[in-house]
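A.B. asks: after the sequence you'll find the predicted model.
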Amino acid sequence: MAFGLQYGVERKARVVDEQLFEDDEAVVVRFNGGANAGHTLVVGNKKIVLHQVPSGIFYPEMLLYIGSGCVITPKKLNDEIADIRSAEISLDGRLFISSHAPLIQPHHLLYDEWFGGGIGTTKNGIGPCYADQALRAQGDAIRNIKFGEYLVDPGKGFSAVKRNLEEFLDLWPLAKADVIGKMEHFDAEVMKLQEYRSEDPLFLERLIQSGKNVFFEGAQSVLLDAVTGMTPYVTSSRTLAGAAYTGGDLSLKYHHKTIGIAKAIMSRVGRGPFISEFGGKQSDEYCAEGEGKAHAKEMEQKEWNLEELKHSDDAFLQGVYLRMKGNEYGATTGRPRRIGTLDLVQLKQSCALNGVNELYLNKFDALTEFGEMNLPGIPVVVAYRLDGKVIDYVPTTLAEMERVQPITECLPNIPDVSNVRAEKELPPAAKEMVEFIEEFVGVKVCGIGVGPERDAFVDTSMKERLK
Ligand code: IMP
């Protein structure tokens, strides 16, 4: 399985793709989240942004399964399927959706639209949908509608979804909506997904018995976990490695390997604590202005002068510089991502808690930027100070997260590595950085990303540098 170790924008898709390339017998499984995820895949001249469909679509033999831990937005899923088909990629007999997966209903979307802003959600109705699932209301008060339940009794499903929408509108009359129009639309979209329903709970088990391998693909990442993340600034599903087997509908006896993916310069979308953020609170508030639209990519390009930013000794401005140089903006919305230096305390903790065997570091090439800036080297976080005490774990409460200060160490600058493709060609400072991370975190770095292209990748698993 592969999953993210930071805030969910670690460019997981490229590592997943790399792994799948080696295994055409794979069934790729999503086990959490929904349309809030965005995996951009570029293969050849084809670029496809996946939200709910698992990666692996470019490999015609691969099967794709959306597990019971996911939530389904029928309209968006149908749009995604149409996009994939228009790229002449067949999904016939390849895509399967767990009968248990909850449907995101119109009132979930409205609720998130109206109340998700404070957290900075993606407005996909994710939280309200999982909340209705946890509520377990039944009979006339039924709130959670599973995909399979709707298909076997569309009449019952339709009236429950309609009633939920009407109740929401009664409660929040300002959120006006055309109930009949929305319902007809919703119903048609769910029914269009009929052919993808997987009603057999042993679906993956049987595939494994027939010789297939299952590859779990995580979404949203460790720090956004609904329980151990910093509530309320989290998503609403479990994002940890262990969730793969509950949300992905398979026995954990098949577990083989856990791949963790991180970025050498961290970034985050949405609100909430981010210990190593350049510019701290100022950056958080700036990035959130106008729900992220006030400083979207084109705005920042007009607003700032890169040369001036580069030489600044102000942490907030350094963050703006790294964002602009690293093109750190939301793939669909263009909203600015908050930028932070690599936090090794957090990375070590995430690797340990999730049993990571192999670590991949994306955006390694971006570290070169530090050499141009007004900094003594590449800063990495090696400990925290909380109320005068040095600690080596991530605090568990929001109040402590707001007080904790990072303790950084500077590593030697790294020359341009964007054209490097083999480990032996890495400059000594880059090898030193990789070794420092491995030693600190206690996990082997098996690959580094050195650019956006699919082949801009250095396999470091052979440890040639240690010879
Ligand atoms: P929600 O998952 O849409 O409810 O959003 C909750 C928080 O998780 C917000 O801060 C989002 O920006 C963040 N989030 C949700 N999905 C992703 C993702 O795929 N990548 C990065 N952040 C995400």
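C.D. replies: Everything's here; your move. Residues are numbered from 1 along each chain as shown.

A.B. asks: looks to me like Y111 is in a strand.
C.D. replies: No: going by DSSP: H, G, I helix; E, B strand; the rest coil, the assignment for Y111 is helix, not a strand.

A.B. asks: wait, it touches P128, no?
C.D. replies: Yes: applying CB atoms under 8 Å as the test, Y111 and P128 come out as touching, 4.2 Å apart. Using the backbone N, CA and C atoms, a C-beta is placed for each residue, glycine as well.

A.B. asks: neighbour count for those two, which is higher?
C.D. replies: Each of Y111 and P128 has its neighbours counted (other CB atoms under 10 Å); P128 has more, 25 against 22.

A.B. asks: wait, a strand at the more buried one?
C.D. replies: No: going by three-state DSSP, the assignment for P128 is helix, not a strand.

A.B. asks: okay, it and R421: tell me how far apart.
C.D. replies: 46 Å (CB to CB, to the nearest Å).

A.B. asks: I72 too?
C.D. replies: From I72 over to R421 (counting by CB to CB), the distance is 39 Å.

A.B. asks: same deal with E303?
C.D. replies: In terms of CB to CB, E303 sits 36 Å off from R421.

A.B. asks: neighbour count: these two, which is higher?
C.D. replies: In this view E303 and R421 are compared by other CB under 10 Å, and R421 has more residues nearby, 14 against 11.

A.B. asks: quick one: the more buried one is in a helix?
C.D. replies: No: inclusion of R421 in a helix is not indicated when three-state DSSP is applied; the result is coil.

A.B. asks: would you check that it makes contact with V458?
C.D. replies: Yes: using CB under 8 Å, R421 is in contact with V458, at 6.2 Å.

A.B. asks: return the residues of this protein in contact with the ligand.
C.D. replies: Proximity of the chain to the ligand (CB under 6 Å from any ligand atom) is limited to residues 8-9, 36-38, 119-122, 124, 126-127, 219-220, 224, 233, 235-236, 269-270.

A.B. asks: next up, the contacts around A243.
C.D. replies: F31, N32, G69, G218, S237 (CB atoms under 8 Å, 6 or more residues apart in numbering).

A.B. asks: scan these and report the most crowded one.
C.D. replies: G218 (33 neighbours).

A.B. asks: partner residues bridging the residue lying closest to that residue once chain neighbours are set aside?
C.D. replies: Closest residue in space to G218, ignoring its immediate chain neighbours: F3 at 2.8 Å, by CB to CB, 6 or more residues apart in numbering. On the basis of DSSP bridges, F3 is bridged to G260.

A.B. asks: what sits against F3?
C.D. replies: Per CB under 8 Å, 6+ apart, neighbours of F3: 12, 216-218, 221-222, 239-241, 244, 258-261, 354.

A.B. asks: what comes up buried for the one helix or strand Q133 maps to?
C.D. replies: Using DSSP states H and E, Q133 sits in helix 126-135. Of the residues in helix 126-135, I126, G127, P128, C129, Y130, D132, Q133 count as buried by neighbour count, 16 or more other CB atoms under 10 Å.

A.B. asks: for stretch 361-375, same thing?
C.D. replies: L361, N362, K363, F364, D365, A366, L367, T368, E369, F370, M373, L375.

A.B. asks: so which pair among these is furthest apart in space?
C.D. replies: The most widely separated members of the buried residues of stretch 361-375, counting by CB to CB, are N362 and L375 (21.2 Å).
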